[in-house]
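S.K.: heads up, no residue letters with this:
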């Protein structure tokens, strides 16, 4: 009898440990900060009011480099977006002016004009005036990661997001963090890399350069039209992105703020932190390229507060 009880206790311990291990460790400090930034993001677009999406079907498996993906979404992801409101908000209007400043293919040197440098600076000036970035800056100052001098902080942001570097070894300076994350790139004519921004997604979809193929999620965690983070599959200029994470609705300053904080608070080449923001649990991934950003994107783990219900079970 004693051996049987010990065996049951051991089995329960193993099951408990597996369940505990399967639940990600949440960074509470950054969750608190990012929820504060979420509340401060007065420029965030609201689902069903400022935009409407249709998530449709679940996308299938596509191997990296494949040009073929079965379409599980007969309609575009975005049914409508209030472009008048986008143009009326300074950070959005200046953000959209940057989207045509880059060569799509890696390996092709970027030729940056004086006008484009001015556009970059005007965008950062607008971002620095927002409550979101002001709060992120205050946090970074408290951690000794940024100067309180606004000009120095702007230079720091420029280095992280707009400094050009080699993504292809044999090419010229062909990429930067902003291009990779917010605009998207193609690599060797075979695959889409980066491209994690909802505004660029909408505009490219509207211009018929992009075809949404469906969402990616676990069977028990289906997305809906109110989710602010989605894992997506799509084709862009004929090349397929098997899965890419993107925020839906937040402002450019919100995305830039959270990824800047993670970038500066860590020194590893690749960092992944799990946070609870609003009703979503997500993994935020940031990869360095020296002193600049290589890539950054969200990966939805659960939405509609499902992670909170799981903790109570």
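M.R.: Great, that's in hand. Everything numeric here is computed off the predicted structure, so don't read it as measured data. Residues are numbered from 1 along each chain as shown.
S.K.: list the contacts of residue 234.
M.R.: For residue 234, the contact set (CB atoms under 8 Å, 6 or more residues apart in numbering) comprises 77, 192, 201, 210, 211, 212, 213, 240, 241, 244. No exception for glycine: its C-beta is placed from N, CA and C like everyone else's.
S.K.: mind checking how far it is from residue 196?
M.R.: Separation of residue 234 from residue 196 (CB to CB, to the nearest Å): 12 Å.
S.K.: any shared contact partners between these two?
M.R.: residue 244.
S.K.: returning to that earlier point: ok, the contacts of residue 234 vs residue 70, which is closest?
M.R.: The closest of the contacts of residue 234 to residue 70 turns out to be residue 213 (CB to CB; 7.3 Å).
S.K.: quick one: low-confidence residue ranges for the chain.
M.R.: Counting by pLDDT under 70, the chain shows low-confidence ranges at 1-23, 219-220, 304-313.
S.K.: quick one: the strands in it?
M.R.: When secondary structure is read from DSSP state E, the chain shows strands at 51-53, 78-81, 185-187, 191-193, 210-215, 229-236, 239-247, 270-277, 280-289, 292-302.
S.K.: can I get these in TSV including distance to residue 72?
M.R.: Listed next are these as TSV, based on distance: least, CB to CB, whole Å:
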stretch	distance to residue 72
strand 51-53	15
strand 78-81	16
strand 185-187	23
strand 191-193	18
strand 210-215	3
strand 229-236	8
strand 239-247	13
strand 270-277	27
strand 280-289	22
strand 292-302	17
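S.K.: do you know which of the ones you listed lies nearest residue 26?
M.R.: That would be strand 270-277 among these, by CB to CB, at 5.1 Å.
S.K.: run through who's touching stretch 258-270.
M.R.: Stretch 258-270 has contacts (CB under 8 Å, 6+ apart) with 30, 33-34, 37, 136, 139-140, 143, 145-146, 156-157, 160-161, 181, 271, 273, 284-288, 293, 296.
S.K.: try it again with 6 Å
M.R.: The contact list for stretch 258-270 (CB atoms under 6 Å, 6 or more residues apart in numbering) reads 34, 136, 140, 145, 271, 284, 286, 287, 288, 293, 296.
S.K.: buried residues, that stretch. List them.
M.R.: 258, 259, 260, 261, 262, 263, 264, 265 (16 or more other CB atoms under 10 Å).
S.K.: stretch 172-186 now?
M.R.: Neighbour-count burial for stretch 172-186 flags 174-186 (criterion: 16+ other CB under 10 Å).
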